[in-house]
Each structure stands twice: as C-alpha cells, then as structure tokens.
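Sharing a model prediction with you, sequence too.
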Amino acid sequence: MTPANLPDLPNPAPGPERTVRVLHIVTGLGVGGAEQQLRLLLRHLPAPYVCDVITLTNPGAVAAGLRDDGVAVTDLGMRGNRDLAALPRLVRRIRAGRYDLVHTHLYRACVYGRLAARLAGVPSVATEHSLGKAEIEGRPLTRGVRALYLATERLGAATVAVSPTVAARLRAWGVPGERVRTVPNGVDAARFRFDPAARAALRARLGLGEGAFAIAGIGRLVPGKRFEILVEAVAALPGAVLLLAGDGPEREALRALAVRLGAAGRVRLLGERDDVPAVLSAADAFVSTSREEAFGLAVVEALAAGLPVLHGACPAVDDLPAGHAPGAHALREGTARELTAALTALHRAGAPRLPPPPAVAHYDITRGAALLAELYAHLTGPPGPPRVPRPTPDSDHAPVPTERAARP
C-alpha cells in the first residue's frame with residue numbers, strides 16, 4: 001500500500017536486498033509504554049532494517065531487554081534537558097554509524113535527535129507516543145514546550161502518531177497533515193493469551209482464594225492515571241482485590257489511601273513487573289482510569305487476555321468502529337462511585353473470560369511493524385552506489401555520509 005501523503009518512489013532494481021541502518025534515539029529506557037513498544041517493534045521489523053539504540057539517559061530495564069535481543073544500546077549520559085554538549089556527541093555518533101535514517105522517540109529525544117540528524121545530513125522520523133490535550137508525557141503543555149516541538153518537528157521528514165487521536169492533535173498544533181503518518185501501537189497477542197496455569201500459580205503466590213474477585217490495573221503510578229479512583233472503588237467493593245502493576249511517584253500516596261480506607265490488605269501494589277501477562281491471567285477484570293491517553297496499550301493487552309475492561313480515555317478503543325471491542329466499556333463520569341457500580345455488575349455476572357475481539361487483531365504488532373517498514377522504505381529511497389566516507393575535523397575521524405544510498 002502506497003502512503004497517500006508521501007511521494008511515490010521507484011521500485012529498487014532486482015538483486016540482493018540491501019541492509020538499511022536505522023538509529024533509534026529515545027529519552028530513556030526505564031519501564032514504560034513507549035520504551036517497551038520500541039523493543040517490541042525492533043523484534044518484528046523485517047530483515048533489511050538493522051537497528052541500534054541510543055538512550056539519552058536512564059538505561060533501565062528495557063535497555064537490558066534490548067541487549068538481550070541483540071540490539072546495540074548506548075547510554076549518552078545526558079545530564080539534563082539543557083545539556084547542550086549532548087548535541088555534538090549525537091552528531092558524531094550518527095555520522096560514525098553511517099545510518100540511513102534516525103528515528104526519535106519521546107520529547108527530549110525528538111528535540112535533540114532531529115537537530116542532530118539534520119546536522120549529520122541524515123533524514124529523520126519521530127514517533128509521538130504521549131501527546132495529550134493538555135499534557136505531554138505527563139507534564140503540562142506550556143507555550144514554550146509547544147514552540148520548541150514545532151520548530152524541531154520541521155527538521156524531520158515525517159512524524160508518526162500512535163493513534164488517529166494523536167494525529168488529529170498534531171494537525172491541530174500546526175503540523176502539516178502531509179507530514180503526519182499514523183502507525184498504531186501494537187501488541188503481541190499470543191503473549192497475552194489467557195493461561196490457566198499462570199493464573200493458578202500467581203494467585204497462589206499472592207494468597208488469593210479461588211473465589212476472590214481480582215481487578216487488574218497497569219501503568220506508571222502518576223497523577224494522570226488516576227489510580228486513586230480505582231483504589232477507592234475497590235475499597236468500596238467487599239471481597240475485591242486490586243492487583244496494581246507499575247511504579248512511580250504516587251506509590252506511597254496510593255498505599256496511604258488504601259490504609260485510610262481500610263483496604264490495605266486488598267490493594268496489592270505489585271511494582272514493576274516482567275510478568276504482566278500472568279497478572280492479566282490472574283485477574284477477573286481490568287480497569288484503566290486515565291484522564292488522557294495517546295493510545296491505551298494496556299487496554300488492548302487486557303482484551304487480548306480475554307478480560308472485561310472498564311476504561312476512561314482510550315483512543316485505542318475510541319478510534320475504532322463500534323463492535324471492534326465489545327468487552328470494553330467506557331466510564332462516562334470517571335468517578336469512584338460509577339466504577340464501583342460497574343465492577344459490582346461485572347462481579348455479579350461472573351466476569352466470564354471473553355474471546356479476543358477484532359481490536360486485538362487490528363493492533364497486532366506485525367501490522368504496526370509492516371507499516372513502519374513501509375515508511376522507512378519511502379524515506380530511505382532505492383538502492384544506489386555505496387557511500388564514500390571522508391573524515392572531518394569535528395567528527396573524531398568518524399565517517400560522514402556524502403550521499404544517502406545503500407551500502408553493499
């Protein structure tokens with residue numbers, strides 16, 4: 001399928017498939033939706049694309065996972081938003097790697113990475129993972145943040161939105177529509193398929209009785225996720241247990257709230273987990289109470305696990321035609337009282353396991369990876385003569401691409 005908003009390119013001549021080198025630049029690699037989505041995409045990109053990763057800071061658990069996958073990860077060691085010395089270091093690394101394309105993720109990486117790619121003479125694309133109506137990556141959208149974003153956005157070749165909702169927000173900001181491409185987040189549905197053995201094992205470890213009604217929540221423990229509403233709703237539902245997977249600055253406040261409501265024993269703060277599929281198998285229902293979302297990946301993962309879902313803002317569901325996610329029900333008021341009533345109804349109905357709905361197939365990670373590879377192909381162009389490296393004084397004798405063309 002040829003993208004409507006990008007020019008047609010000639011088909012490459014028959015012959016051996018060339019390798020295309022892509023450098024991904026990300027703000028950090030702690031456990032988070034954007035970071036884990038990057039790892040999943042790199043696992044599913046087709047063979048011509050060889051990817052390396054630079055993290056500006058925080059080489060956390062996802063960095064370790066990428067290395068386990070065989071991806072080269074470099075920590076740039078950036079000391080803060082105004083560490084301008086990071087820019088020439090990025091330029092040198094882009095030139096030294098002789099990359100065909102730079103792909104940036106998250107706000108700080110997009111600002112620095114787009115500029116570095118332009119200075120290095122390499123085209124770039126950015127993915128917008130976390131743009132809300134009034135927030136970006138959980139922080140307020142100030143006039144200065146927006147101005148810097150738009151100024152550096154023009155330096156790249158395209159901007160990828162993870163949902164039609166984010167694409168519309170970008171266009172409303174003033175990003176030209178022809179520069180915006182939608183490549184939705186993806187899920188490895190097989191990994192989240194309901195597993196009775198994993199359910200029994202985790203419930204046993206957590207001391208949950210056979211009849212306990214377990215409600216799962218997943219995400220960073222930050223104000224925008226509004227997990228306090230979920231804690232209040234579970235506290236008001238006798239016998240319900242909350243399995244909350246994630247960590248963040250709101251952890252102690254949520255613990256204190258559970259104690260104050262007399263539900264400390266029924267609110268399990270599980271911390272960051274690498275067994276989220278098991279948590280979803282152990283649960284009987286899933287709740288997302290977010291005020292704003294750019295996508296809502298955890299909701300799709302819960303649907304893949306066959307769970308009934310109650311959700312607040314969730315473009316992953318809201319952007320689809322009716323009937324694509326019959327197990328997902330929107331919370332209109334977003335109050336603890338409304339949520340308690342909805343959970344009570346699910347509990348009384350027995351909260352049966354559901355077959356994965358069409359939404360799960362729509363967001364299969366292989367589809368997202370194919371769309372991204374298609375965009376890469378249009379941005380990097382057809383094969384040509386190999387690059388001829390030449391040393392430059394400011395690049396520590398690193399090779400500099402003179403033409404954007406294929407290497408043998």
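Noted; the coordinates are in hand. Numbers count the residues shown, from 1 in each chain.

Name the spans of this structure whose pLDDT lies under the cut-off.
Under the criterion of pLDDT under 70, the regions of the chain flagged as low confidence span 1-17, 382-408.

got the CA coordinates for the helix ranked longest in the chain in CSV?
Counting residues, the longest helix found in the chain (DSSP state H) is helix 365-380. Below are the C-alpha coordinates for helix 365-380, written out as CSV (Å, rounded to 0.1, in the frame of the first residue of the first chain):
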residue,chain,number,x,y,z
ILE,A,365,2.4,-5.8,16.3
THR,A,366,3.3,-7.4,12.9
ARG,A,367,0.9,-4.9,11.3
GLY,A,368,2.5,-1.9,13.0
ALA,A,369,6.0,-3.1,12.1
ALA,A,370,5.0,-3.5,8.5
LEU,A,371,3.5,0.0,8.3
LEU,A,372,6.7,1.4,9.9
ALA,A,373,8.9,-0.6,7.4
GLU,A,374,6.8,0.9,4.6
LEU,A,375,7.5,4.4,5.9
TYR,A,376,11.2,3.6,6.2
ALA,A,377,11.4,2.4,2.6
HIS,A,378,9.9,5.6,1.3
LEU,A,379,12.2,7.8,3.4
THR,A,380,15.5,6.0,2.7
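
In it, which residues are buried?
When neighbours are counted by 16 or more other Cβ atoms under 10 Å, the buried residues of helix 365-380 are found to be 365, 368-380. All C-beta atoms are positioned from the backbone trio N, CA, C, and that covers glycine.

Show me what it is packed up against.
Helix 365-380 is packed against strand 20-26, helix 33-44, strand 101-105, strand 124-128, strand 158-161, with contacts defined by 3 or more Cβ pairs under 8 Å, 6 or more residues apart in numbering; DSSP states H and E.

For Glu293, find the nearest of the ones you listed.
When the helices and strands packed on helix 365-380 are ranked by distance to Glu293, counting by Cβ to Cβ, first place goes to helix 33-44 at 9.4 Å.

and the gap between Gly121 and Leu101?
Going from Gly121 to Leu101 by Cβ to Cβ, to the nearest Å gives 12 Å.

Those two: who's more crowded?
Here Gly121 and Leu101 are compared on neighbour count by other Cβ atoms under 10 Å; more neighbours surround Leu101, at 22 against 14.

Touching the longest helix of the chain from outside, list them.
1, 3, 6-7, 9, 20, 22, 40-41, 43-46, 48-49, 100-101, 123, 125, 157-158, 160, 181, 183-188, 404 (Cβ atoms under 8 Å, 6 or more residues apart in numbering).

go on, stretch 337-352?
Outside of stretch 337-352, the residues within contact range by Cβ under 8 Å, 6+ apart are 213, 215, 229-230, 232-234, 236-237, 240, 284-285, 287, 289, 307-308, 310, 329, 331-332.

Whichever of these end up buried, select them in PyMOL.
Under the burial definition 16+ other Cβ under 10 Å, those of the contacts of stretch 337-352 that qualify are selected in PyMOL by:
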select buried, resi 213+215+229+230+232+233+234+236+237+240+284+285+287+289+307+308+310+331
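
In helices only, show me the contacts of stretch 337-352.
Members of the contacts of stretch 337-352 lying in helices (criterion: DSSP H): 229-230, 232-234.

show me where the stretch 51-200 of the chain has strands.
Listed in chain order, the strands found in the stretch 51-200 of the chain under DSSP state E, counting those that start in this stretch are 73-75, 101-105, 124-128, 135-136, 139-140, 158-161, 180-182.

Show me what counts as buried in the last one.
By neighbour count, with 16+ other Cβ under 10 Å as the criterion, the buried positions of strand 180-182 are 180-182.

need the contact list for the nearest residue in space to Arg169 that is not next to it in sequence.
By the measure of Cβ to Cβ, 6 or more residues apart in numbering, the closest residue to Arg169 outside its immediate chain neighbours is Leu131, 5.3 Å from it. Counting by Cβ under 8 Å, 6+ apart, Leu131 makes contact with 161, 166, 169-170, 294.

Swap in 10 Å and give it another go.
Applying Cβ atoms under 10 Å, 6 or more residues apart in numbering, one finds that Leu131 lies in contact with 107, 137, 141, 149, 161-163, 165-167, 169-170, 173, 292, 294.

Now that we have those, which of them are buried?
When neighbours are counted using 16+ other Cβ under 10 Å, these contain these buried positions: 107, 137, 141, 149, 161-163, 165-167, 169-170, 292, 294.
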